[in-house]
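*Asks:* When you get a sec, could you give me coordinates for this:
(chains A and B)
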Amino acid sequence: MGNKTAPTVKAGGNPFGAHRVLLPKGGLPQPAVKVDNCMDYIYDNEILVDVDTLNIDSASFTQIKGEAGGDHEKIKNSILAIVAERGKMQNPVTGSGGMFIGRVAKVGPALAGKTDLKPGDKIASLVSLSLTPLKIDSIIGIKKGTEQVNVKAKAILFESGIYARIPADMPEKLALAILDVAGAPAQTAKLVRPNQVVVIIGAAGKSGLLCAYEARKIAGVAGIVVGLEYSKEAVKKVEEFGFCHKVIQANATDALDCYGKLMKATGGKLADVVINCVNIPNTEMASILMCKHEGLVYFFSMATSFTKAALGAEGAGKDITMLVGNGYTRHHADTTLNILRESPVIRAAYKKMYA
Amino acid sequence: MPTKTEIEVKKNGNPFGSHRVIEPKGVLTQPATKVDNNMDYMWDNEILVEVETLNIDSASFTQLKKEANNDEEKIKAAIVKIVGEKGKMQNPVTGSGGMFRGKVLKIGPALKGKVAIKEGDKIASLVSLSLTPLKIEKVLGIKKGTEQVSVVAKAILFESGIYAKLPSDMSETLALAVLDVAGAPAQTAKLVRPGNTVVIIGAAGKSGVLCAYEARRRAGVTGKIIGITSSDSGLEKMKEYGFCHENLKLSATDALSCYEAISKLTNGKLADVIINCVNIPNTEMASILMCRDGGIVYFFTMATSFTKAALGAEGVGKDVDMIIGNGYAKDHAEITLNILRESKQIRDIYTKLYA
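*Replies:* Reported below is the predicted structural model:
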């Protein structure tokens, strides 16, 4: 690395990166045990990136740190060992990855006209490191108290891979914090219609706050946004942010209590849209009961159980549409970064809490 | 239980039946370990039913049978014991229930005018036995080779409970077989639009064949229905039924092969709607890759993993709506029973295979 020889360009790459899968043959890069991380060549539908920071996924970093007894040199060595063995930074215990920040080194010729990226652009990857070919030259250091690892490395983004350009008008850390949950507000914008009643479960949290903001904007003057939070402090936060018309203090694992309180708050109408942003198990039933017939429940929480949701709705005889939270929607990065520009309240809250 | 004493009617029952929960306090009837199955009284929003047949859920019955070494008397005793302890027929190992058939004995006065059944009507419950208060007086016998248990018993349907009036123009077993999967075709009817390209994964199966029939009708002359099955016998069946325009033999766990086949068939446009009806794990990725950007994936299979679907779509940058299969849709029983009346072919298939 650091040499200026241009990589050779190959043709015939698969859009999802299956051409880089070494083991087992024939699969996709995420479930693969080993991917090809040779950076002497790229396929014509790939983007080659000079990586300067890895943001290791929180579950993965905690596991590695625990095993290394907190020793930085040992943490570095295990990251190097994983990437050397697998060709990607996928923790073999947790299965998770993380994201990276870097500068575009080369855009494959088949992508010309399909992407507006050019060499030198600073980007953050929005697909997981668990499927991204990575070659580490050296690890420079780990930023204290964070999961950020400074590296000299190269990575490949596949044609289907998603990324965001880091904007010039805000600090990198602030942009990264909000990009981490970019899917939630962008989906909220797609689902909510004017004049609707919308419930946000976890409205003071990292993603819930953004969803409440977006829901309020789209539901409009005749809409009602209801924030639900568990603790007194969080309820106070929701009130201070001011995006919700009403705030309910309840435990989202107590379905009946949530149902009763929302019935009262809406005069028996319940919600057109319920957006679940809390990462704790057993909140499916509260989400379902708070939704009115033919309404919509959006599960952004990764703690959601598919069967609990499916059987729960049937058990309560609720004809509602339940959506699996998709971390990606078209233009989700732009939509979400723009919230930071529009709302001084959110920018201040994010700066204080996450950046 | 043929006593004719008037039963006491109580007021203020909860629509979801939480007034019958004994342990633990404050939960709903499904997660409850014990519900009140006293049939000397009922609440004014309940329906009391004289039960003739229990259809034990397949997973539960298999477990009971195995533990009893296939001894019918022991199976009977196990059923009586579970219901005696829990007040409902919820297998403590599998957690599952089943459904029942019976005759309406009494409709709570608060429901009069709200329900389309009357006392004396024959009905099948469409909510799980795992949440239904049940009191067994006697187990008469188990129908050989089935999971059908003949009983003298009483059960309670809650206000939110769903059921279907058994039609007089077809056999009970035929009606029950089709009601078991009633949610799938009713949801297909709601999702498919004229001109759509629709992929049905498992189109030769019990729910898949109904979905294929319904999708064909809704997509109309400009639509295209593509059926996928993994076996030669399935392929033969699909071709014989003739509901799909294209019949493919593919493994739904092989995401890339599925993607390539559909991409080729649709000139790269992919499908507008994917309906996944196969009860095997690891078919999320194939479902996602076959769907176009902005399309809909409907997971009717209980083997779906929420996180595999959510992270899978993000990993390949697909903006698709992924819907959790809801066993209930408004009027789903009527819609689905009607398929048997409309299509002699489906009626014949169902009579041959499941009734």
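
*Asks:* Can you list the low-confidence ranges for the chain?
*Replies:* Just going to use chain A. Along chain A, the parts satisfying pLDDT under 70 run over A:1-4.

*Asks:* Chain B, not that one
*Replies:* Low-confidence segments of chain B, defined by pLDDT under 70: B:1-5.

*Asks:* Can you name the next helix or strand after the longest helix along it?
*Replies:* Determined from DSSP state H, the single longest helix within chain B is helix B:72-86. As assigned by DSSP states H and E, the chain's next helix or strand after helix B:72-86 is strand B:98-107.

*Asks:* ok, and for the longest helix of chain B, which residues are buried?
*Replies:* B:75-76, B:78-80, B:82-83, B:86 (16 or more other Cβ atoms under 10 Å in any protein chain shown). In this view, the C-beta of every residue, glycine as well, is placed from N, C-alpha and C.

*Asks:* State the number of residues packed around A:Ala112.
*Replies:* 9 (other Cβ atoms under 10 Å in any protein chain shown).

*Asks:* ok, now the one 3 residues further on?
*Replies:* As a burial measure, the neighbour count of A:Thr115 was computed by other Cβ under 10 Å and equals 15.

*Asks:* A:Ala234 and A:Ala204 touch, don't they?
*Replies:* Yes: counting by Cβ atoms under 8 Å, A:Ala234 sits close enough to A:Ala204 to count as a contact (4.1 Å).

*Asks:* quick one: which of the two has more around it?
*Replies:* The neighbour comparison of A:Ala234 against A:Ala204 (other Cβ under 10 Å) goes to A:Ala204, with 27 against 19.

*Asks:* How much space separates the closest residue to A:Thr253 other than its chain neighbours from B:Lys330?
*Replies:* Taking Cβ to Cβ, 6 or more residues apart in numbering or on different chains, and ignoring the residues beside it in sequence, A:Thr253 has A:Asn282 as its nearest neighbour in space, at 4.6 Å. Distance of A:Asn282 to B:Lys330, computed by Cβ to Cβ, to the nearest Å: 27 Å.

*Asks:* what does B:Thr94 give?
*Replies:* 29 Å.

*Asks:* just B:Ile226 next, same as before
*Replies:* 28 Å.

*Asks:* Also B:Ser171?
*Replies:* The gap separating B:Ser171 from B:Lys330 is 26 Å, by Cβ to Cβ.

*Asks:* Only the buried residues of stretch B:253-268, if you could.
*Replies:* The neighbour-count check on stretch B:253-268 (16+ other Cβ under 10 Å) flags B:253-259, B:261-263, B:265-266 as buried.

*Asks:* ok, which of those residues also contact chain A?
*Replies:* B:254-256, B:259 (Cβ under 8 Å from any Cβ of the partner chain).

*Asks:* any chance you could map the helices in the stretch 51-200 of chain B?
*Replies:* B:58-67, B:72-86, B:172-179, B:183-191 (DSSP state H, counting those that start in this stretch).

*Asks:* Quick one: the ones you listed as a markdown table, columns for distance to chain A too.
*Replies:* Shown next, in a markdown table, are those (distance: least, Cβ to the nearest Cβ, whole Å):
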| stretch | distance to chain A |
| --- | --- |
| helix B:58-67 | 12 |
| helix B:72-86 | 16 |
| helix B:172-179 | 12 |
| helix B:183-191 | 7 |
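
*Asks:* which one of those helices lies closest to B:Asp272?
*Replies:* Smallest distance to B:Asp272 across the helices of the stretch 51-200 of chain B (Cβ to Cβ): 9.2 Å, for helix B:183-191.

*Asks:* From start to finish, how long is stretch A:190-198 in a straight line?
*Replies:* End-to-end distance for stretch A:190-198, by Cα to Cα, to the nearest Å: 13 Å.

*Asks:* per-domain residue ranges of chain B.
*Replies:* B:8-166, B:183-349 (automatic domain parsing).

*Asks:* and residue 352, what helix or strand is that in?
*Replies:* Unless you meant another one, I'm taking chain A. helix A:344-353.

*Asks:* wait, chain B
*Replies:* Taking DSSP H and E as the criterion, B:Lys352 maps to helix B:344-353.

*Asks:* Could you name the helices and strands sitting against that helix?
*Replies:* helix B:172-179, helix B:208-219, helix B:332-342 (3 or more Cβ pairs under 8 Å, 6 or more residues apart in numbering or on different chains; DSSP states H and E).

*Asks:* Dump those helices to JSON lines, plus distance to B:Gly312.
*Replies:* Converted to JSON lines, the helices and strands packed on helix B:344-353 look like this (distance: least, Cβ to Cβ, whole Å):
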{"stretch": "helix B:172-179", "distance to B:Gly312": "32"}
{"stretch": "helix B:208-219", "distance to B:Gly312": "22"}
{"stretch": "helix B:332-342", "distance to B:Gly312": "28"}
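
*Asks:* Write out the residues of the stretch 201-350 of chain B neighbouring chain A.
*Replies:* B:254-256, B:259, B:285, B:289, B:293-294, B:299, B:302, B:304-307, B:309-330.

*Asks:* The helix ranked longest in chain A near chain B anywhere?
*Replies:* In chain A, with assignment by DSSP H, the single longest helix is helix A:72-86. No: remark: helix A:72-86 sits outside contact range of chain B, by Cβ under 8 Å from any Cβ, the gap being at least 15.9 Å.

*Asks:* Partner strands of whatever helix or strand comes next after that helix and their direction?
*Replies:* Per DSSP H and E, the first helix or strand lying C-terminal to helix A:72-86 is strand A:98-107. Within its sheet, strand A:98-107 is paired with strand A:47-56 (antiparallel), strand A:122-125 (antiparallel), according to DSSP bridges.

*Asks:* C-terminal to the shortest one, what's the next element?
*Replies:* Spelled out, that is strand A:122-125. Trace forward from strand A:122-125 with DSSP H and E and the next one is strand A:134-142.

*Asks:* Would you mind pulling up the elements that the helix holding A:Lys352 packs against?
*Replies:* So helix A:344-353, by 3+ Cβ pairs under 8 Å, 6+ apart, packs with helix A:172-179, helix A:208-219, helix A:232-241, helix A:332-342.

*Asks:* want to try CSV for those helices, with distance to chain B as columns?
*Replies:* Below are the helices and strands packed on helix A:344-353 laid out as CSV (distance: least, Cβ to the nearest Cβ, whole Å):
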stretch, distance to chain B
helix A:172-179, 12
helix A:208-219, 16
helix A:232-241, 21
helix A:332-342, 8
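
*Asks:* how close does B:Ile349 get to B:Ser168?
*Replies:* Taken as Cβ to Cβ, the span from B:Ile349 to B:Ser168 is 22 Å.

*Asks:* Show me which of these two is the more surrounded one.
*Replies:* Taking neighbours as other Cβ under 10 Å, B:Ile349 and B:Ser168 compare with B:Ile349 leading, 21 against 7.

*Asks:* Distance of the residue lying closest to that one once chain neighbours are set aside relative to chain A?
*Replies:* Of all residues not flanking B:Ile349 in the chain, B:Val209 sits nearest, at 6.4 Å (Cβ to Cβ, 6+ apart). Going from B:Val209 to chain A by Cβ to the nearest Cβ, to the nearest Å gives 21 Å.

*Asks:* just B:Gly141 next, same as before
*Replies:* 29 Å.

*Asks:* Kindly confirm whether my reading is correct that B:Val149 touches B:Ile142.
*Replies:* Yes: using Cβ under 8 Å, B:Val149 is in contact with B:Ile142, at 5.3 Å.

*Asks:* Okay then, goodbye and thanks.
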